[in-house]
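Peer 1: Give me a model of this one.
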Amino acid sequence: MEIISAKLLKIIKLSAQIILENGGETYRAEETIKFICKAYDIKEIEAIATPTGFYITISSDGNENSTVVKRIRKRTINLQKIADVNNVSRQIALHAINLDEALEELEKIENDKPHEYKYTQLYGGISSAFFVVLFGGGIFEFVVALFTGILITQITKHFVNLHSYQFFSSIVSGTIIAAIAIIATSAAKTGNYNQIIVGSIMPLLPGLSMTNAIRDTIRGDLISGMARGAEALLVAASLAAGAGVFIYFAYSLGIL
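Peer 2: Got it, this is the predicted structure:
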């Protein structure tokens, strides 16, 4: 039973880690842990997950407790990995795979690199361009936002590869968006730079983090809800600060 508990701890640790690192909700990580443990008749299960870490304690015989603590240092959004972990947990519950096979699958999921889509930059540009249309922009604003979105998508990708903090990436992105919008409208003597800035920033806003924050708060996970909410607000503030810096700079130079 000790060997099973050790492997089981490693499996539930890896499952929760993958979920939290890839944009999953804290309650999903906790429920996955309990779901896997119940498949092996573990009666006492305590799991507390936050966006920055989790704590798990299980007791197989009612006397000895096994505990694992894991710090989450990187977070991104990859819903495919979350779906893959859910699939593995269901297979464990059905005893379709043993613990060794489950551990191998989870390690494969963790080490799997995100799929590189061929037209990711174009999709980013199109989303920015059509957000501009929603805010009342015309053809000129559409074209500028399309170019801006393509450029920003490429830049943010490089920041992810450098493992930089999202706040720094957001400040730089906001500054570049404002610079392109103001320079383009000033040079062409036409267009509305406000619509370009707002439309180009929209795809960068942390909508998933805010949604998860509200969901966690409603479910009573106040620590997780406040943490995710604060993160979402700080990212949004960083984007606004970056754009604001260049707008202030443009006013100081008399460009606006």
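Peer 1: In this structure, what residue spans correspond to strands?
Peer 2: Listed in chain order, the strands of the chain (DSSP state E) span 44-50, 53-59, 65-71.
Peer 1: Need these in JSON lines (columns: mean neighbour count).
Peer 2: For glycine as for every other residue, the C-beta is placed from the backbone atoms N, C-alpha and C. JSON lines is the format used below for the strands of the chain (neighbours: other Cβ atoms under 10 Å):
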{"stretch": "strand 44-50", "mean neighbour count": "18"}
{"stretch": "strand 53-59", "mean neighbour count": "19"}
{"stretch": "strand 65-71", "mean neighbour count": "13"}
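Peer 1: Please name whichever of those strands is nearest to residue 232.
Peer 2: strand 44-50 (15.2 Å; Cβ to Cβ).
Peer 1: low-confidence ranges in the stretch 1-150 of the chain?
Peer 2: Within the stretch 1-150 of the chain, the ranges that satisfy pLDDT under 70 run 1-4, 60-63, 114-118.
Peer 1: which one of the strands of the chain lies closest to residue 230?
Peer 2: Nearest of these (Cβ to Cβ): strand 44-50, 12.2 Å.
Peer 1: okay, the angle between that closest one and strand 53-59?
Peer 2: 180 degrees (axes from the mean of the first three to the mean of the last three Cα atoms, to 10 degrees).
Peer 1: Please state the offset of strand 44-50 from the chain centre?
Peer 2: 22 Å (Cα atoms, centre = their mean, to the nearest Å).
Peer 1: I'd like the distance between the residue lying closest to residue 214 once chain neighbours are set aside and residue 86.
Peer 2: Leaving aside its sequence neighbours, residue 214 sits nearest to residue 225 (Cβ to Cβ, 6 or more residues apart in numbering; 7.2 Å). Applying Cβ to Cβ, to the nearest Å, the value for residue 225 to residue 86 is 22 Å.
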